[in-house]
Each structure stands twice: as structure tokens, then as C-alpha cells.
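Engineer: Please work out how this folds:
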Amino acid sequence: MKQKIAVSALVLLAVIIGTTIREKMPTPMSVYEQPYEFSKQAPRFGTVDNVVATTAPTYEGMTTRETFLVVNFDITTNAARKNPVATLMDGKDRSVRSVTLTRCGPVQVGITAHCEVGFEVQREAVAGSVLRLSPGFSEAGNAVLVHPLDVKG
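Structural biologist: Down below sits the predicted model:
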């Protein structure tokens, strides 16, 4: 009888430990959705350089009660022939979409293009903002260039 109780206790303990470990493991979907983040140069994407961020009361004829964060940067792609997609993580760790598509000069593999993108951001959330550039509209499984912004103005 004592052996049955001991075996039952060990089986219960094994189930509890197995459940705890399984809950801590990532799911296949969460692994797929996780982007590959790089700071300056990303394989299968390119290199970002000369990143300058400034605040402005207007952007492309638009006005706001808050502020526009205008980011200028140079990008040299090594695979894509299209403008990168820019998103912003503001100082409150919220994802902000750009008010317009990223505007770049001609994007050619291996040639540096100058780009500009604007974001509407709350004034108190400007500090600590981070620019995220990806080659497509989804970051899932893509190389993403992540650049903290030193905002001027």
C-alpha cells in the first residue's frame, strides 16, 4: 500500500514538474513571430547609418496637438530593392506607426539611400524612443534594425 502511495506521489510530482516546464517553453508561433533584431547591420537586409531625429510642430502640411518626430537616416540594402518599413517604439514602450510611408531616394542593392519618416508622438513619450526598420510589413521572422534615437530639437 505504501508503495502505491509513493508511486502515485512521484507520478503527481512528475506531472506538476512537466506542466511547469512546458508553460515556460516558447510556443512554435511565438518563436516564428519573434524578429531577429540587429543594431546597425542585419544580414539579408542591410545597414543603417547617420540616424538623426528631430521634433517638429508640423510635418508634410499636417499639424498635431502633440509633436512630430521626424527621423532621417541612410540605408544600404543588401537584398531588398524597396523602402524599409519603419515603426517606432516610443518612450512609453508603445508601437507607433508612421504618418506616411518611409520616403527614400532610389533603393538599390549596395547603394546608400537617404530616407525620411515621420511619427506623431506624445511629447512626454519622445525621450527613449527607438526606431525599428524592417524589410517588410511584418517583423515576424525578419531581420529588424533597431536604433535608439537621440532626439534633437
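
Engineer: okay, CA-based contacts and neighbour counts for the rest of this
Structural biologist: OK.

Engineer: Where in the protein is the helix or strand with the lowest mean pLDDT?
Structural biologist: Within the chain, confidence by mean pLDDT, DSSP states H and E is lowest for helix 28-33 among all helices and strands, at a mean of 67.

Engineer: Next secondary structure after that helix?
Structural biologist: On the C-terminal side of helix 28-33, the closest following helix or strand by DSSP states H and E is strand 36-38.

Engineer: can you map out the helices along this protein?
Structural biologist: Along the chain, counting by DSSP state H, helices occupy 2-24, 28-33.

Engineer: Of all residues in the protein, which one is nearest the centre?
Structural biologist: In the chain, the C-alpha nearest the mean C-alpha coordinate belongs to R132, at 4.2 Å (CA atoms, centre = their mean).

Engineer: For it, which non-adjacent residue is closest in space?
Structural biologist: Among residues not flanking R132 along the chain, V146 sits closest, at 4.7 Å (CA to CA, 6 or more residues apart in numbering).

Engineer: Thank you kindly, that will do.
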